[in-house]
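A.B. asks: Kindly return the folded structure for what I paste below:
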Amino acid sequence: MSIKVTRAATILHPDQTRVLLRPFIPGGPQRFAAIIARVMALPEEHVGPLLEGVAEEFSRRHDNIHRLFLERFEEVKGHMAGAEGLSEQRRMLIGSFFLAEYSLESAALFNPSMVPHPDQTGLPPGTVRFVLSLRATGEGHISSITFRTGILHEDNSIEILPPKGFLIEPKQIPNPVYKKELFERRLGELGLGGEFTHRVMQLLPDSFSLTELRVALKAERLNSPEMMKHDDQAASHRIWTLARSNYEVQFQPDQELSQRILFPSTPAQRNGIEDARFVCFHEDDGTSVYYATFTAYDGVRIVPELLQTSDFVRFRFRTLNGPAAENKGMALFPRRINGRFAMLSRQDDESIFIMYSDNIHFWNERQLLLKPAFPWELIKIGNCGAPIDTDAGWLVVSHGVGPMRKYCIGAFLLDRNDPSKVIGRLREPLMKPNASEREGYVPNVVYSCGAMVHQGQLVIPYGLADHATGFATVALADVLAAMEPTKPCGTPENPC
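C.D. replies: Numbering: from 1, shown residues only. Purely as a prediction, here's the structure:
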């Protein structure tokens, strides 16, 4: 059965003018001190004009540029003596030497995920406002999460609102609260359940802050410094790193969503936050929250992590724990299944698994769900975002990799009450790169991190050749009708 897929004319291309101010680190402490000394040697009468020249050049690209200069000065003033007696202008000028612009989208803007916006007020009937998250990749191939807002109109046309300028990072919440029981459980999984860890944990209450953890670690180190073993020093560092990987950030509510940037900020994320799969998760009590699974990359290792928000203003970053929390491509179901969280995954880098858990942060077991079967997916398969709840079952938009490493988009269907059962599967791709979509940073790729259903249409935002983002619509009924019945994995008819 041939399925008609309509590609929208709208394409989001990377925009090199969208820049973010980031700390500039020109070298070690000696370089910092040398640069500051040179700025300090400037005559006072030269400071004001030089500062205003810098501010004039960059104030149209960054909001509150003078405040940003001062904030950066406060971060670097430890490399100098006598900071208290400086004029405000000289402080700002010093700060400006340790900032640099980073073009978030200079390389790519791709792998989108689409969810309903938390604010649906002021819209005519038949329309839905949505949030589009995108993977923005810039210098050094560092990826971050950026956002756009759009509207799905009654006729299924797609409107993307123009992004605002003045890109802004959130402020980190200084003292997030950690649950000792869960923190200890994760430390045990990391092999940090030794005597040193036990002594540190004994110093902490059932719920503790980052500051309290710092005090406990310092107290244990000072308790017997001559007895501090190398292994204990390593454990202390890893305990602190784990805590820093679980944090919260907050934007100003009056900032436009397209101005908000989630940039890597922990050691595990050093080289990127990749392929966020957002889902609007509905609790049994009727409340809802947004989760996103994503891949943290430090340049060597990949680690799956979890993002949580209710309003896209305040975000909580959490590690995903347990022996099944590994590799890429995890996607959370939008509600509990029989009282438990459920998630798709791909630990072997070629097949799709399903996992269940009573705790969204811990995943211990996995079950094989689907293996590559058709020529266009024989290298590997994976999901393209969270499963979509339909009357026919859980619709999973998927991807497959075939000859010449070509990525295509497909779909399969899971039983609504028991999603460990595959009840239908597309034999042919739903989408494959056409002639205008093949060229880019990574040729021959179409890929999505999350679709929506609107007015009977499946709306798929998708990355083109790991470079730009397009949109496609297809009748949901046509997709479901084309599903070929599939027996569960492990049966004689489908041994997997």
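A.B. asks: distance between stretch 158-166 and the chain's centre?
C.D. replies: Taking C-alpha atoms, centre = their mean, to the nearest Å, one finds the center of stretch 158-166 at 20 Å from the center of the full chain.
A.B. asks: Which residues belonging to the lowest-mean-pLDDT helix or strand in the chain are considered buried?
C.D. replies: The helix or strand of the chain with the poorest confidence is helix 230-244; it has a mean of 86 (mean pLDDT, DSSP states H and E). Across helix 230-244, burial judged by 16 or more other C-beta atoms under 10 Å covers Asp232, Ala235, Ser236, Ile239, Leu242, Ala243, Arg244. (C-beta placed from N, C-alpha, C; glycine too.)
A.B. asks: Output the residues you listed as CSV; include the columns distance to Ile261.
C.D. replies: Shown next, in CSV, are those (distance: C-beta to C-beta, whole Å):
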residue, distance to Ile261
Asp232, 38
Ala235, 34
Ser236, 32
Ile239, 29
Leu242, 25
Ala243, 24
Arg244, 19
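A.B. asks: Quick check: end-to-end length of stretch 289-303?
C.D. replies: 23 Å (C-alpha to C-alpha, to the nearest Å).
A.B. asks: Next, the buried residues of it.
C.D. replies: Tyr290, Tyr291, Ala292, Thr293, Phe294, Thr295, Ala296, Tyr297, Val303.
A.B. asks: Which members of the residues you listed are the farthest-apart pair?
C.D. replies: Tyr290 and Tyr297 (22.2 Å; C-beta to C-beta).
A.B. asks: if we can go back for a sec, hmm, who's touching the next helix or strand after the least confident helix or strand of the chain?
C.D. replies: Following helix 230-244 in sequence order, the next helix or strand is strand 247-250 (DSSP states H and E). The contact list for strand 247-250 (C-beta atoms under 8 Å, 6 or more residues apart in numbering) reads 169-173, 176, 262, 265-266, 313-317.
A.B. asks: which helices and strands does the next helix or strand after strand 247-250 pack with?
C.D. replies: Using DSSP H and E, the helix or strand that follows strand 247-250 in sequence is strand 272-282. Under the contact criterion of 3 or more C-beta pairs under 8 Å, 6 or more residues apart in numbering; DSSP states H and E, strand 272-282 touches strand 108-116, strand 128-137, strand 143-152, strand 288-297, strand 331-332.
A.B. asks: And the last one, what does it pack against?
C.D. replies: What that stands for is strand 331-332. For strand 331-332, the packing partners by 3+ C-beta pairs under 8 Å, 6+ apart are strand 272-282, strand 288-297, strand 341-345.
A.B. asks: What is the nearest of the buried residues of helix 230-244 to Arg7?
C.D. replies: Nearest to Arg7 among those, with distances taken as C-beta to C-beta, is Arg244, at 42.7 Å.
A.B. asks: Roughly how far does the nearest residue to that closest one once chain neighbours are set aside sit from Trp394?
C.D. replies: Leaving aside its chain neighbours, Arg244 sits nearest to Thr266 (5.6 Å; criterion: C-beta to C-beta, 6 or more residues apart in numbering). Distance of Thr266 to Trp394, given as C-beta to C-beta, to the nearest Å: 33 Å.
A.B. asks: Of these two, give the one with the bigger neighbour count.
C.D. replies: Higher neighbour count among Thr266 and Trp394: Trp394, with 25 against 19, using other C-beta atoms under 10 Å.
A.B. asks: Just the angle for the one helix or strand Leu21 maps to relative to strand 128-137, thanks.
C.D. replies: Using DSSP H and E, Leu21 maps to strand 19-23. Angle, strand 19-23 to strand 128-137, by axes from the mean of the first three to the mean of the last three C-alpha atoms, to 10 degrees: 50 degrees.
A.B. asks: Contacts for the following helix or strand past strand 19-23 next, please.
C.D. replies: Following strand 19-23 in sequence order, the next helix or strand is helix 29-40 (DSSP H and E). Residues from elsewhere that reach helix 29-40, judged by C-beta under 8 Å, 6+ apart: Pro26, Val76, His79, Met80, Arg90, Leu93, Ile94, Phe97, Phe98.
A.B. asks: Just the mean pLDDT for stretch 426-446, thanks.
C.D. replies: Mean pLDDT, stretch 426-446: 96.
A.B. asks: How far does it sit from its chain's centre?
C.D. replies: Worked out by C-alpha atoms, centre = their mean, stretch 426-446 lies 24 Å from the chain centre.
A.B. asks: can I see the domain layout of the protein?
C.D. replies: In terms of domains, the chain is parsed into 5-13+142-147+257-485, 19-103, 177-244 (source: automatic domain parsing).
A.B. asks: Below-threshold pLDDT in the stretch 351-496 of the chain: ranges please.
C.D. replies: 487-496 (pLDDT under 70).
A.B. asks: And the strands in it, which stretches?
C.D. replies: 352-357, 367-370, 380-383, 388-390, 393-401, 407-414, 422-425, 446-447, 452-454, 457-464, 468-475, 484-485 (DSSP state E, counting those that start in this stretch).
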